[in-house]
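Colleague: what's the 3D shape of this:
(chains A and B)
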There are 2 protein chains.
Amino acid sequence: MNLVTLSIILGLLAVVYGFVTSRQVLGAPAGNAKMQEIAAAIQEGAQAYLKRQYTTIAIVGVVVAVIVAWALGAISATGFVIGAVLSGVAGFIGMNVSVRSNVRTAAAAQSGLQAGLTLAFRAGAITGMLVAGLALLAIAGFFWYLTGPAGHAANDRVVVTGLTALALGASLVSIFARLGGGIFTKAADVGADLVGKVEAGIPEDDPRNPAVIADNVGDNVGDCAGMAADLFETYVVTVGATMVLTALLVKGVSNLMPLMSLPLLIGGVCIVTSIIGTYFVRLGSSNNIMGAMYKGFLVTAILSIPAIWFAMQYALGDMNTPIGEEAYSGRMLFYCGLLGLAITGLIIWITEYYTGTNYRPVKSIAQASVTGHGTNVIQGLAISLEATALPTLVIVAGIIIAFKLAGLIGIAYAATSMLALAGMVVALDAYGPVTDNAGGIAEMAGLEDSVREKTDALDAVGNTTKAVTKGYAIGSAGLAALVLFAAYTTDLREFFPTLTVNFSLENPYVIVGLLLGALLPYLFGAMGMTAVGRAAGDVVVDVREQFRENPGIMTYASKPDYARTVDLVTKAAIKEMIVPSLLPVLAPVVVYFVISAVAGAENGFAALGALLLGVIVGGLFVALSMTSGGGAWDNAKKYIEDGHHGGKGSDAHKAAVTGDTVGDPYKDTAGPAVNPMIKITNIVALLLLAALAGHAAG
Amino acid sequence: MNLVTLSIILGLLAVVYGFVTSRQVLGAPAGNAKMQEIAAAIQEGAQAYLKRQYTTIAIVGVVVAVIVAWALGAISATGFVIGAVLSGVAGFIGMNVSVRSNVRTAAAAQSGLQAGLTLAFRAGAITGMLVAGLALLAIAGFFWYLTGPAGHAANDRVVVTGLTALALGASLVSIFARLGGGIFTKAADVGADLVGKVEAGIPEDDPRNPAVIADNVGDNVGDCAGMAADLFETYVVTVGATMVLTALLVKGVSNLMPLMSLPLLIGGVCIVTSIIGTYFVRLGSSNNIMGAMYKGFLVTAILSIPAIWFAMQYALGDMNTPIGEEAYSGRMLFYCGLLGLAITGLIIWITEYYTGTNYRPVKSIAQASVTGHGTNVIQGLAISLEATALPTLVIVAGIIIAFKLAGLIGIAYAATSMLALAGMVVALDAYGPVTDNAGGIAEMAGLEDSVREKTDALDAVGNTTKAVTKGYAIGSAGLAALVLFAAYTTDLREFFPTLTVNFSLENPYVIVGLLLGALLPYLFGAMGMTAVGRAAGDVVVDVREQFRENPGIMTYASKPDYARTVDLVTKAAIKEMIVPSLLPVLAPVVVYFVISAVAGAENGFAALGALLLGVIVGGLFVALSMTSGGGAWDNAKKYIEDGHHGGKGSDAHKAAVTGDTVGDPYKDTAGPAVNPMIKITNIVALLLLAALAGHAAG
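Modeller: Model prediction:
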C-alpha cells in the first residue's frame, strides 16, 4: 500500500480511538447534582474563554493567511489554514473532553485510586491520540493531496513551501493558545492563591473564593487546550521539517516519495504502539502512580523499536545499502530513531529527578522554606538554573551521535522518533488538569477528605508529567532547530545561488544575530511574566472587592460571583497575549531588513540565520529552567503539605506557597511558550526566504 | 617620550592620587569610642576573611602558575604572577581604605550630607584610581620589560602569550574574589535579614543581631574587594586583548610599537581625566546625590574626548592616513573610542532607569508588593528578564558601528575606551559599601536618626551605581569577547596552519559548542545561588542558637558573639567558592579534548571556539538580568521604606524584603561573577592553543 495512505489510515485510527474512548469516559457516572453544577460552571467558563481566544486568533489568522497568499500563493495559504484549523480543533476537543472528565474522575475516585486514575488517564489519552492523530492527518493529508491529485513531485518547491506554511499555521495558533491559556490559568491561580490562601486563610479550591472557578477553568484552557496546541505544533513542525530536509538534501534517489513519506509512517506506527501502551497504565500492588505511568510509557517505547524498524524496512526495502548518494543506510536512520527514543526516556527521567518529591532538588527547596520566603525562592531559582545542565548534555550528545550516524538527516530522524511518541507523552500530561480539576470539584462539592487525598496524589504526579512534556517539547525543539537551520541554509543557496553568505562565527553580523536571537526568549518571558503579574493583580482586586461588597460569602450565606472573575481573566488574557505572540513573527523580518539595509543582503541573511540559532541557544535554557524550576517549587509545596517541615499552615508552608506562586507563570506561561516561539521564528524565516525569492524572480 | 614610559608615569599618577587622598581621608575624625569599637570589629573580620581568601587563592595560584610555567615557560608564568598579585593588591588596599572610611563617613554625616558624600566618594575614588592605575602599571610595566630589557619585538609570540598569561592571573584572582566575596556578603546579609528583620522583628543593622558585623564585613570583602578585583581583571583583559589583537591582525606597519602601546596611553590619559572628574562630584542646590555623581562622570567623559584624540595623534602622528595596509585611519579609531564612551553613558542611563526609584521598573515591583510576596518576586523576575533588552541592543549597535568603522580593531578600541573610564566608574561603585557600612555603624552606635537618614540617602544611590558597574563590566565583556574570539581564530591559523577549522553555524560541532558555552553561566549561577542559600541557612541557624543560648542579647543585657558568625561565614564562603571557580577553567580543556577524541581536532577547535561565544551569548543575559533585577528589587524595598504603599512594617514592605533577599545573591554573587567567568573561559582557550602548539612543536 502507498505509504502516505497507510499513514492516513493510522492517523484515522487515533481519531477512532479518541471517539470510542470518549464514549467510554462520558458514559461514566457524573457525580451528584452539586458536583455537576460546579462542573457546568467550569465548562461554561472554559468554552467562553476558548470562543473568545479563537475569535481573536481567527482575526490575526485571516490577516496572516492573506499575507501568505499574497507572498507565497494559494497552496501555501491553504496549508496555513489547515495547520491552524486542525491545531485549534485538537485543543478544542481535548478541552471538551477534559471539562467533562473532571467531574467523572472525582466521582470515580470515590470508589478508589485505580478507578480515578483509569478515568483521568483515559481522558488524557483521548487528547494525546487526537493531538498525534490530527497532526499526522494534517500533514499526511496535505502531502497526499499535493503529490496525488495536484500532481506535484514530492520535492517540488510548492510541496516544500506548502508544508512549511502548514507548520506556520500550527505554530501561530500554538503560540497564542500557549500564551493566552498560560496567562489565563496562572493569573487565576496566582490571584486565587494570593487572596484565598494567603490573605483570607481559606484552603485551595474553597468554594467561597470567587476566583476558584476561574482557577479550574484555567487548568483546562491552559494546561489542556494550550498544551495540546503546543504539541500539535511540535509534531507538525518536526515531522514536516524532516520531510522538507529530505526533499532538500538527499541526493541520487530517483523516487523520493518513499523516503519523504517515511517520517509519516513512523508517526503512524507509533500511534498504534501508543494506543497499546495506554492499556498498561495500571497501579501495581504498591499503588505507585508514577510507576503506572512509566509502565504505559515503557510498553509504548519498547514496542516502538520493532515498529519503527518494520516501518523503515517497508519504506526503504533494504536497510543496509546506502541511500542514494548518501553515506548512510536505513540501518543508520533506525539507530537515529532509537536515539530519539533514548533521548525521550532520559529527559523524562531527568525531569522526574528535578521535579519529583523523592529527590534532592525538591527536598532542598522544601528545606530552604524553613528559613523563609527568601531562601525558598533563592533555592528554587538555583534549582531552575541547575536543571538545564543534564538535558543540555543529553541534547548535545544526541546531536553528536545522530550526526555521526547519518548527518543532518540523522538529527531529523532522532527528532521525528521523539515526536512519534507524542500521543503517549501528551496522554500522560493531559491527565494532569483532569485530576487537578477533579480535586477542585471534590473540595467545592464537599466530598469526603479521602476523595481529595486520592485526587491530590494523582495531581502530584501530574506536576511531574506536565514538566516532562515541556522538557520533551523543548528538547525536541533543540534538535528540530538544527534541522530548520539546515533547511534555511539549503533554501538560501537554492533561492539565491549568487550570494555568498558567511555563517562563520568570525562574521560579526553572525554574533549580532546570535545576541538578538538569544534576547527574544528573555523579552518574551518578561512580557509573559508581567502579563500574569498584572492580570493576577486584577484578580486580587476583584476578589477583595467581592469579599467587601458581599460579606455573606465568607459565612457561606451567599455565593460569590464566579462568572465575573472568569470574565475579567478572559479579557485580560486575550489582551495580554497579542503583543508577545507577534514578537517572534516580526523579529526575523525586522532583523533581516535592518541588517540588510546597514550591511547588505549577505549579512542580512547571515544575521537572520544566526538569529534562528540564537533563539534556540537562548530559549533552550530559559524554557528548561522555567519549566523544571516551576515544577520543583510546586512539588516542594506538596512535599511540605504531606507533613514535612511542619506541614500545612506552618511558616515553611507559607514560604513554599510563595515559591509555588512564583513558579506558576515560570512553568505554565513563559517557559512553555518559548517552544512555539522558537519554531515560529524559524518558520517565518523560511517563508521569508521563499517570499523574497518569489518576488525577486517575479 | 616613549609611549609605554608615559603610560607608566600616568599609572603612577593614579597611585600617587590614591596615596594623597587616603591620607586626607584617614585624617578625618573617626567618631566616638563606640563607633571606633564597631569599626574595629568590622575591620578585623574583613582582614581575617581576606587573609583566608588570599591563602586559598595562593594555593590554587601556585598550582596554576606551575602548570603555566610547564606549558608556556617562565615568562608567561611571571606574567601570570604579576596579574594575580596586583589584582590582589588592588582589592586589598581598596578594602583597607573602605574599612577605615566607613566610620569616618558616619562621623562626617553628622555635620551634613555634603560632608558625608565627600568623604565616602573620596574613599571610593582611592579604590577606583588604584584599580585603574595598578592595572595599567601591571600591563604597561610587563610590556615595557618584555619589549625593552628582554629585547622582544612588540608582536613577538612571547609578548602575546605573556600578556595573555598576565590576564589569566588577574582573572583567576578575580573570579575567586568575586565569588568568595559575593557568597560571604550575601550569606551574611540574607542570613541577618531572615532572622533579624523577619523573625526577631529588629531593624537592619541592629547591634543585637549576631550577624550584623558579618553583614558589614561582607560589604567590604564583596562589594569592595571583590568588585575591585573584577574591574582590575576587566581592565587588564580588555586593554591586553586590544594589544594582542593589534599584534596579530594589523598588517603592513613596520614598527608596531606605537600602535600596540596606544591602548595603554588611552588608559593613561583617562586616569588624568578621571582624577579631574572626582573633584566635580558635588551636591547642587537640589541636594540630588545621583546628580552629583553624574556631574563627576560627565566631566570625565567629556574631557576624555580631547584626551583620547591627543593620545592617538601623539601615537600615530597622522590621523587621516590609513594605518599600514588596513582600511581604517586613526580618525576611525578615534570614532570607535567615542563610541565606547557613548556605550558607557547609555549603559549607565539604562541601568539607572531599571534600578532607580524614580522610574517604572522599580515602582512596578513596589506596586506588586502590595498583593504579596509572590507577585513581588514575579514582577521582579519579569523586570530582570526585560532589563536585558536595551543593553543588548546598545551592544549590538556598538558592534555594528565599530565594525563598520574599523573592523575588529574598531570593536577592540570601543571596548578599550569603555574601560579607560574604569577609574571613575569604580569610584562611583566603591563609594557604595562605604556608605552602607557608615549607616550600619550609625545604627549600631546609636547616632541620631538624622545621620542614618543621610547615610540611607547615600546608600540608595549606591545600589544604582553598583548595578551600573556590573552592567558596564558585562557590556564591555560583550565587546571584548569578540576581540578574544578573533584572537583565538587568528592564533589558531598561526599555530596550526594545516588545519581547516569550520566555524560555520552549519557545523553541528559549532552548535554543540554554543550550547555547552551557554550552559556554563547557568550552571555557575546555580552553584553560586545554592552556595548563598546554604551559607545563609547556616547563619540563620547560628543566630537562632545565639538568641536561644543567650536570652540577654534581646534585652541589651549582653552582647552577641559577632566573631563566631564572621568565622562561620568565612569558612562557608571559602569552601563554596572553589568548585564553581574551577568550572570555567576546566570547561574549555574538557570540551576540546572530548570533542577532539570524538570528531577530530578540527571539530575540537571549532567546538572550543563556539564555546567561547556561547558563554558570552548565554552569560550576557544571565549577568544583565541578575544584576539589574537585583538592584531593582533592592530599591523597590527602599522605595516602600520611603513611605510608599504603607511604608516600613506594612505587608507590602514584608513582601519587598523577600524580593530584596532573592535579589541579593542575584546581583552580588552569581550575576557579577559571570563577567570574570566569561573572560577566564576565553583566556584559558587562548593559552590552551599556545600550549598545544608548543607541545606539538616541541
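Colleague: use CA for all of it now, contacts and neighbours both
Modeller: Will do.
Colleague: show the contacting residues for A:Leu134.
Modeller: Applying Cα atoms under 8 Å, 6 or more residues apart in numbering or on different chains, one finds that A:Leu134 lies in contact with A:11, A:15, A:86-87, A:90, A:232.
Colleague: in what helix or strand does it lie?
Modeller: helix A:113-147 (DSSP states H and E).
Colleague: let me know the next secondary structure element after that helix.
Modeller: Following helix A:113-147 toward the C-terminus (DSSP H and E): helix A:157-193.
Colleague: quick one: average pLDDT of the helix or strand just after that following helix?
Modeller: Next along the chain after helix A:157-193, taking DSSP H and E as the criterion, comes helix A:212-218. For helix A:212-218, mean pLDDT rounds to 89.
Colleague: which other residues reach helix A:212-218?
Modeller: Applying Cα under 8 Å, 6+ apart, the contact partners of helix A:212-218 are A:41-43, A:45-46, A:181-182, A:184-186, A:188-189, A:192, A:205-206, A:436-437, A:440, A:562-563, A:565-566, A:569.
Colleague: confirm A:Pro29 sits in a helix?
Modeller: No - A:Pro29 sits outside any helix when classified using DSSP: H, G, I helix; E, B strand; the rest coil, being coil.
Colleague: quick one: contacts for the closest residue to it other than its chain neighbours?
Modeller: Excluding the flanking residues, the one nearest A:Pro29 by Cα to Cα, 6 or more residues apart in numbering or on different chains is A:Arg104, at 6.0 Å. A:Arg104 makes contact with A:25-26, A:28-31, A:119, A:438 under the criterion Cα under 8 Å, 6+ apart.
Colleague: distance from the chain centre to the helix or strand harbouring A:Arg104, please.
Modeller: A:Arg104 belongs to helix A:74-109 when assigned by DSSP H and E. Distance of helix A:74-109 from its chain centroid, counting by Cα atoms, centre = their mean, to the nearest Å, is 13 Å.
Colleague: stretch A:676-689 too?
Modeller: 17 Å.
Colleague: so is that stretch next to chain B?
Modeller: No - between stretch A:676-689 and chain B, judged by Cα under 8 Å from any Cα of the partner chain, nothing touches; the nearest distance is 14.6 Å.
Colleague: tabulate the contacts of A:Arg104 in CSV, adding columns for pLDDT.
Modeller: Shown next, in CSV, are the contacts of A:Arg104 (pLDDT from 0 to 100):
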residue, pLDDT
A:Val25, 93
A:Leu26, 92
A:Ala28, 92
A:Pro29, 90
A:Ala30, 89
A:Gly31, 89
A:Leu119, 93
A:Ala438, 92
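Colleague: list buried residues within the residues you listed.
Modeller: Among those, those scoring as buried are A:25, A:30-31, A:119, A:438 (criterion: 16 or more other Cα atoms under 10 Å in any protein chain shown).
Colleague: tell me the one of these nearest chain B?
Modeller: A:Ala438 (25.6 Å; Cα to the nearest Cα).
Colleague: may I have stretch A:537-552 as CSV, with CA atoms only?
Modeller: Taking C-alpha atoms only, stretch A:537-552 is exported to CSV below (Å, rounded to 0.1, in the frame of the first residue of the first chain):
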residue,chain,number,x,y,z
GLY,A,537,-3.2,41.7,40.5
ASP,A,538,-6.6,42.4,38.8
VAL,A,539,-8.0,39.2,40.2
VAL,A,540,-6.8,40.1,43.7
VAL,A,541,-8.5,43.4,43.5
ASP,A,542,-11.7,41.8,42.2
VAL,A,543,-11.8,39.1,44.9
ARG,A,544,-11.1,41.6,47.6
GLU,A,545,-14.0,43.7,46.3
GLN,A,546,-16.3,40.8,46.2
PHE,A,547,-15.4,39.9,49.8
ARG,A,548,-16.0,43.5,50.8
GLU,A,549,-19.3,44.1,48.9
ASN,A,550,-20.7,40.7,49.9
PRO,A,551,-19.7,39.8,53.5
GLY,A,552,-22.0,36.8,53.3
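Colleague: list the buried ones in it?
Modeller: Applying 16+ other Cα under 10 Å to stretch A:537-552 flags A:537-540, A:542-544, A:546-547 as buried.
Colleague: out of these, which are inside helices?
Modeller: Among those, DSSP state H puts A:537-540, A:542-544, A:546-547 in helices.
Colleague: what angle do helix A:157-193 and the longest helix seen in chain A make with each other?
Modeller: Secondary structure of chain A per DSSP H: the longest helix is helix A:562-641. Angle, helix A:562-641 to helix A:157-193, by axes from the mean of the first three to the mean of the last three Cα atoms, to 10 degrees: 80 degrees.
Colleague: hmm, whichever helix or strand comes after helix A:562-641 in reach of chain B?
Modeller: Where DSSP H and E defines the elements, the next helix or strand beyond helix A:562-641 is helix A:651-665. Yes - counting by Cα under 8 Å from any Cα, chain B is contacted by helix A:651-665 at A:658-659, A:661-662, A:665.
Colleague: what's the closest of those to A:Thr164?
Modeller: Lowest distance from A:Thr164 to those (Cα to Cα) belongs to A:Pro665, with 30.5 Å.
Colleague: quick one, helices of the stretch 401-550 of chain A?
Modeller: A:422-444, A:449-495, A:508-549 (DSSP state H, counting those that start in this stretch).
Colleague: a markdown table please, covering those helices and showing distance to B:Ile343.
Modeller: A markdown table is the format used below for those (distance: least, Cα to Cα, whole Å):
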| stretch | distance to B:Ile343 |
| --- | --- |
| helix A:422-444 | 47 |
| helix A:449-495 | 32 |
| helix A:508-549 | 16 |
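Colleague: weakest of those in terms of mean pLDDT?
Modeller: Among those, helix A:449-495 scores lowest, with a mean of 88.
Colleague: pull the distance from it to the chain's centre.
Modeller: On Cα atoms, centre = their mean, the centre of helix A:449-495 falls 5 Å from that of its chain.
Colleague: ok, the closest residue to chain B within the stretch 51-200 of chain A - contacts?
Modeller: Using Cα to the nearest Cα, the single residue of the stretch 51-200 of chain A nearest to chain B is A:Leu194, 6.9 Å away. Going by Cα under 8 Å, 6+ apart, A:Leu194 touches A:540, B:371-372, B:374.
Colleague: ok, the residue nearest to A:Asp542 when sequence neighbours are not counted - how many residues close by?
Modeller: By the measure of Cα to Cα, 6+ apart, the closest residue to A:Asp542 outside its immediate chain neighbours is A:Thr565, 7.0 Å from it. When counting by other Cα atoms under 10 Å in any protein chain shown, one arrives at 24 neighbours for A:Thr565.
Colleague: swap in A:Ala170?
Modeller: Neighbour count of A:Ala170, defined by other Cα under 10 Å: 34.
Colleague: need phi/psi at A:Ser111.
Modeller: With angles defined as degrees, to the nearest 10, A:Ser111 sits at phi -100, psi 0.
Colleague: one more: A:Met554?
Modeller: A:Met554 adopts backbone torsions of phi -70, psi -20, taken as degrees, to the nearest 10.
Colleague: got a list of what it touches?
Modeller: Applying Cα under 8 Å, 6+ apart, the residues near A:Met554 are A:208, A:547.
Colleague: any idea how far it is from A:Ala442?
Modeller: 19 Å (Cα to Cα, to the nearest Å).
Colleague: A:Val674 now?
Modeller: The gap separating A:Val674 from A:Ala442 is 34 Å, by Cα to Cα.
Colleague: was I right about A:Ala327 contacting A:Leu405?
Modeller: No - in this structure A:Ala327 lies outside contact range of A:Leu405 using Cα atoms under 8 Å: 9.2 Å.
Colleague: find the closest residue to chain B in chain A.
Modeller: Counting by Cα to the nearest Cα, chain A gets nearest chain B through A:Ser504, at 3.9 Å.
Colleague: which residue is the nearest non-sequential neighbour of that residue?
Modeller: Of all residues not flanking A:Ser504 in the chain, B:Ser504 sits nearest, at 3.9 Å (Cα to Cα, 6+ apart).
Colleague: what does the stretch 551-698 of chain A put close to chain B?
Modeller: A:610, A:617-618, A:621, A:658-659, A:661-662, A:665.
Colleague: tell me which element the residue nearest the centre of chain A falls in.
Modeller: Chain A has A:Asp230 as the residue nearest its centroid, 3.7 Å off, counting by Cα atoms, centre = their mean. For A:Asp230, the element it lies in under DSSP H and E is helix A:227-249.
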